[in-house]
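Trainee: Mind looking at a prediction? Sequence and model below.
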Amino acid sequence: MAKVTLTEYECRKNLLPDVCMKCGEPADTRVKRNFSWYPPWVMVLVLAGVLVAAIVALILTKKMSVRAPMCDLHKDHWSKRTMWTLITFGILAVLGIGGIVILGAVENGPNKDSFTGLICGGGVFGLLAWLILVVIFQSTMIKPTLITDKKITLVKVHPEFVRALEDDRAADEDDDDQPPPRKKKFDRRDDDDDE
Ligand SMILES: [Zn+2]
């Protein structure tokens, strides 16, 4: 997958090509996505306190809205991941509460220790499985690695989308009637596909 930097102007004016950002096929629709980002080093501040990190993250968070071209197959690219993250977390929470209820019921029973081991082990396993799921979702998702007032860099976009965007920009620059071309640094990197 590739990496692309879009200007704030391109996002605001909806100047992205009609190519699905995920698979490179012709786009059927635009999906409005409000991206937000803060510098990753903010997480180090967790060592100084979660509240400190949260406040600094809030101050430094940058946002940009993108109307992302998507095909019908990928129009739920973000919403599907959010939905499954919440659903699986909900299931885990219900199981966790069920486990605590069972532990309370067997508190004075003869099998207390084996129940406790089973439920605690199950809880740790469930939480780990959920974290792995979230990491997989994150690693295959189109997401920002930088947002400033003027531009946004997105990763995991399809190379075909990047190529179409480059073509559009080149066509704009060739057109003499157009205002000065948007000369923004634009990088592209191809690595292995993940989906
Ligand atoms: Zn697609």
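Mentor: In hand now; what should we look at?

Trainee: buried sites along the worst-scoring helix or strand of the chain on mean pLDDT?
Mentor: Lowest on mean pLDDT, DSSP states H and E among the helices and strands of the chain sits helix 112-139, with a mean of 89. For helix 112-139, a neighbour-count test (16 or more other C-beta atoms under 10 Å) marks 115, 119, 126, 137 as buried. Every residue, glycine included, has its C-beta placed from N, CA and C.

Trainee: Not including adjacent chain positions, what is the nearest residue to Lys150?
Mentor: Excluding its sequence neighbours, the residue lying closest to Lys150 (C-beta to C-beta, 6 or more residues apart in numbering) is Glu8, at 5.2 Å.

Trainee: can you tell me how far the residue of the chain most remote from its centre sits from Gly99?
Mentor: Computed with C-alpha atoms, centre = their mean, the residue of the chain farthest from its C-alpha average is Pro110, at 47.6 Å. For Pro110, the distance to Gly99 (C-beta to C-beta, to the nearest Å) stands at 19 Å.

Trainee: Contact partners for the nearest residue to Cys71 once chain neighbours are set aside?
Mentor: Nearest residue to Cys71 in three dimensions, chain neighbours excluded: Cys20, at 4.0 Å (C-beta to C-beta, 6+ apart). Neighbour list for Cys20: 26-28, 69-71, 73-74, 158, 161 [criterion: C-beta atoms under 8 Å, 6 or more residues apart in numbering].

Trainee: May I see the PyMOL selection of the buried members of the residues you listed?
Mentor: Remark: buried members of the contacts of Cys20, expressed as a PyMOL selection using 16+ other C-beta under 10 Å:
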select buried, resi 27+69+70+71+74+158+161
